[in-house]
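Student: quick one, structure for this:
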Amino acid sequence: MKLFYGLFDLLWGDWIPLPTPGGGTLGISPLVVLLLATGLYLTFRTRFLFLRLFPDMLRITKEKKVGKDAGSITGLQSLIVSTATRVGMGNLVGVVAAISAGGAGAVFWMWITALLGTSTAFVEGTLAQIHKQKDPLYGGYRGGPTRYIHDFFCKKKSKSKSVIAVLFALSGLLCWCGISQVIGNSVSSSMHNAFRIPPIWTAVVLVSLCALIVLRKNATVKVLDIVVPIMAGCFFLVTLVIIVKNAALLPSVFQRIFAEAFGLRQVVAGGFGAVLMNGIKRGLFSNEAGSGSAPCAAAAADIDLPAKQGLLESFGVFIDTMLICTCSAMIMLLAPADVVQGLEGMDLLQAAMNYHLGPFGVVFIAVTLLLFSFSTFIGILFYARSNIAYVFGDNWWSQTAYKVLCLGMLAVGCLAAYTFVWDLGDLGIALMTVFNMLALIPLSGEAIQALRDYEHSK
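Tutor: Okay, here's the model as predicted:
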């Protein structure tokens, strides 16, 4: 246990203290340094890709060409899968927590972090396409970090496994197992708060519904094709109604965001570090750029140019942070301070929605969290396919066993919360990020060349 928490603190702890004006201290974890430095480096290497090629991202989402291989999915479908896992409870409760701890200025740093993350996401998605392979179990393609890490550390024709790739795969499986419990606990809590539904009934219905989908061979993408656009679209439209309804307050809200991002009051009070780090952490860990999760879906796409998939993954970061996270921030910041005073987490968000839309708002947030969490669970089991195959080989028993394990953790989470399991998930994603970066940075030149090829082909 000491070893576990020692490793946890090493990656997540604020080991790098930097003094800030006003007498405060800015504590930075090694993981944040790694992700920010990588994002900044790749942003310059791609020549601010997101600003230059945003129209291309929109155009590529309309391409629906797919190969003849059974099980193949389009680039847009792989984007939907990755969006399903990026857009989760962190976009709701996590954003509220960031603003509660760091003030409105945290939103600005969340935006900046997301813009840096788009370049990292591009390189991940492009490398996943370059190094993908045929999937003999599900059909179509598979890959992600396990494949490009393997190809970097081993000869491509070698049948032996890369130790780093195995460690990445196991870290991912550990992370997604832990997340399953977090999902179950969040859904059962929100259902109990909104409808007084006992956790046991939430567990039975949620686990049964998820089992019907994940235990079937190719139901995942079909379900997410329907659920993700509906849930994201409804959340965006309802937030748009709230914004229009409170349009007169928008100038003061944006003034508050920018003022608190660089404000003299925060600097003098020594709170600048809280503003900065809460925004950065929420941006980094909401869009998942650099963790190696989304490339597991990117590799499954049947698309003509690898860079196109990379651009789609960049667009996914935009959807997650610039749209969905910003929507959550607006819901909170447009509510009067006395309405949300002393509240935190889901209680705070539901109080803000109750102010904006009455009882409907409370129910809407509960249902939204249910859909976000449900799609995340379905999506992470899609991610797990390639990791399981790399470690345990191409067989159905290992695929099914892991799905049953995660369904069990989902049920446990509905009934009780175990902090240690939550920490397992956090440690898993931290280790994934470290192992992913060992190959991502050295191989980034392949993605940059693919970007040049794409731009020359236009």
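Student: next up, the contacts around Ala232.
Tutor: Each residue near Ala232 by C-beta atoms under 8 Å, 6 or more residues apart in numbering is listed here: Thr83, Val87, Ile319, Leu323, Ile324. Backbone N, C-alpha and C define where each C-beta goes, glycine included.
Student: let's see 10 Å
Tutor: By C-beta atoms under 10 Å, 6 or more residues apart in numbering, the contact set of Ala232 is 80, 83-84, 87, 91, 319-320, 323-324, 327, 368, 371-372, 375.
Student: and these, which is closest to Leu36?
Tutor: Asp320 (17.3 Å; C-beta to C-beta).
Student: wait, isn't that closest one in contact with Trp111?
Tutor: No. With contacts counted by C-beta atoms under 10 Å, Asp320 stays clear of Trp111, the gap being 11.8 Å.
Student: now Phe153: closest residue in space, sequence neighbours ignored.
Tutor: In space, and not counting its chain neighbours, Phe153 is closest to Ser162: 4.3 Å by C-beta to C-beta, 6 or more residues apart in numbering.
Student: what are the phi and psi values for the one you found?
Tutor: phi -80, psi 130 (degrees, to the nearest 10).
Student: OK, contacts around it?
Tutor: Neighbouring residues of Ser162 by C-beta under 10 Å, 6+ apart: 146-147, 149-154, 168-169, 390, 435, 439.
Student: need the worst-confidence member of the residues you listed.
Tutor: Across the contacts of Ser162, the bottom pLDDT score, 84, is held by Cys154.
Student: and whichever strand or helix holds Tyr148, what does it pack onto?
Tutor: In this structure, Tyr148 is located in helix 145-153 according to DSSP states H and E. With contacts defined as 3 or more C-beta pairs under 10 Å, 6 or more residues apart in numbering; DSSP states H and E, helix 145-153 has these neighbours: helix 105-130, strand 133-134, helix 163-195, helix 295-298, helix 359-392, helix 419-457.
Student: now do the buried residues in the longest one.
Tutor: Of the residues in helix 419-457, those with enough neighbours to count as buried (16 or more other C-beta atoms under 10 Å) are 421-422, 424-441, 443-444, 446-448, 450-451, 454.
Student: the fifth one now?
Tutor: Within helix 359-392, the residues scored as buried using 16+ other C-beta under 10 Å are 361-391.
Student: look up how far Leu79 lies from the residue sitting nearest the centre point of the chain.
Tutor: The chain has Arg86 as the residue nearest its centroid, 2.8 Å off, counting by C-alpha atoms, centre = their mean. Distance, Arg86 to Leu79, by C-beta to C-beta, to the nearest Å: 10 Å.
Student: what sits in contact with each of those two?
Tutor: Counting by C-beta under 10 Å, 6+ apart, the shared contacts of Arg86 and Leu79 are Ala294, Glu313, Gly316, Ile319.
Student: which residues touch the closest residue to Pro199 other than its chain neighbours?
Tutor: Sequence neighbours aside, Ser188 is the residue nearest to Pro199 in space, at 4.2 Å (criterion: C-beta to C-beta, 6+ apart). Residues in contact with Ser188 (C-beta under 10 Å, 6+ apart) are 197-203, 206, 370, 373, 410-411, 413-417.
Student: switch to 7 Å and redo it
Tutor: With contacts defined as C-beta atoms under 7 Å, 6 or more residues apart in numbering, Ser188 is in contact with Pro199, Thr202, Ala203, Cys414.
Student: these two touch, right, Tyr141 and Ile130?
Tutor: No. Tyr141 lies out of contact with Ile130 (C-beta atoms under 7 Å); the separation is 11.7 Å.
Student: which one's more surrounded, those two?
Tutor: Using other C-beta atoms under 10 Å as the criterion, Tyr141 and Ile130 rank with Tyr141 on top: 25 against 21.
Student: contacts only, for the more buried one.
Tutor: Lys132, Gln133, Lys134, Asp135, Ala299, Ala300, Asp302.
Student: what do you get for Ala439?
Tutor: Applying C-beta under 7 Å, 6+ apart, we find Ala439 in contact with Tyr148, Ile149, Phe152.
Student: would TSV of the residues you listed with neighbour count be doable?
Tutor: What follows is these, written out as TSV (neighbours: other C-beta atoms under 10 Å):
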residue	neighbour count
Tyr148	28
Ile149	28
Phe152	20
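Student: show me the contacts for Val339.
Tutor: Val339 touches Ala351, Ala352, Tyr355, counting by C-beta under 7 Å, 6+ apart.
Student: tell me the secondary structure for it?
Tutor: Following DSSP: H, G, I helix; E, B strand; the rest coil, Val339 is assigned to helix.
Student: so what pLDDT did it get?
Tutor: 77.
Student: now do it against Ala247, distance only.
Tutor: From Val339 to Ala247 the distance is 19 Å (C-beta to C-beta).
Student: I am finished for the moment; much appreciated.
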